[in-house]
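A.B. asks: got a predicted structure plus its sequence, pasted below:
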Amino acid sequence: MNANKLASRRSLKSDLPRVNAHVVQPKEYEELPELTDEMLARAKVNKGGRPFSRSPRKLISLRLPANVIEKWKATGPGWQTRMAERLSKVR
């Protein structure tokens, strides 16, 4: 995280204490459809997270002169990506 930026709080915009206090009543179970074998066969497990990249990046350690880093940082957010793109063009 950038030291100059303050962390923003995310809000779910819901009343979680009220939701957590809710007790499911028997009549609410009647509203749910019965699970069938066909429904279970169509079920798909969705693992969360970021999708796998076809060309994953590798972490390296690189020492650069301070003035070079400052010039790239002065170009604004995304400077690391722009630097990587420029380096990938050099052969």
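C.D. replies: It's in. Residues are numbered from 1 along each chain as shown.

A.B. asks: which parts of the chain are strands?
C.D. replies: Per DSSP state E, the chain carries no strands over any range.

A.B. asks: tell me where it is predicted with low confidence.
C.D. replies: 1-12 (pLDDT under 70).

A.B. asks: helices along that one, start to end?
C.D. replies: Secondary structure of the chain (DSSP state H): helices at 16-21, 26-30, 37-42, 66-73, 79-89.

A.B. asks: got the CA positions of the third one in PDB?
C.D. replies: Think helix 37-42. The C-alpha trace of helix 37-42 is given here as PDB (Å, rounded to 0.1, in the frame of the first residue of the first chain):
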ATOM      1  CA  ASP A  37     -29.700 -35.500  -8.300                       C
ATOM      2  CA  GLU A  38     -30.000 -33.400 -11.500                       C
ATOM      3  CA  MET A  39     -29.400 -30.200  -9.600                       C
ATOM      4  CA  LEU A  40     -26.400 -31.700  -7.800                       C
ATOM      5  CA  ALA A  41     -25.000 -33.000 -11.100                       C
ATOM      6  CA  ARG A  42     -25.100 -29.500 -12.600                       C
END
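
A.B. asks: coming back round to it: out of the helices of the chain, which is closest to Arg57?
C.D. replies: helix 79-89 (7.9 Å; CB to CB). Just so you know, the C-beta spots here come from the backbone N, C-alpha and C atoms, and that holds for glycine as well.

A.B. asks: what's that closest one packed up against?
C.D. replies: When contacts are defined as 3 or more CB pairs under 8 Å, 6 or more residues apart in numbering; DSSP states H and E, helix 79-89 packs onto helix 66-73.

A.B. asks: residues contacting the helix it packs on, please?
C.D. replies: 79-80, 82-83 (CB atoms under 8 Å, 6 or more residues apart in numbering).
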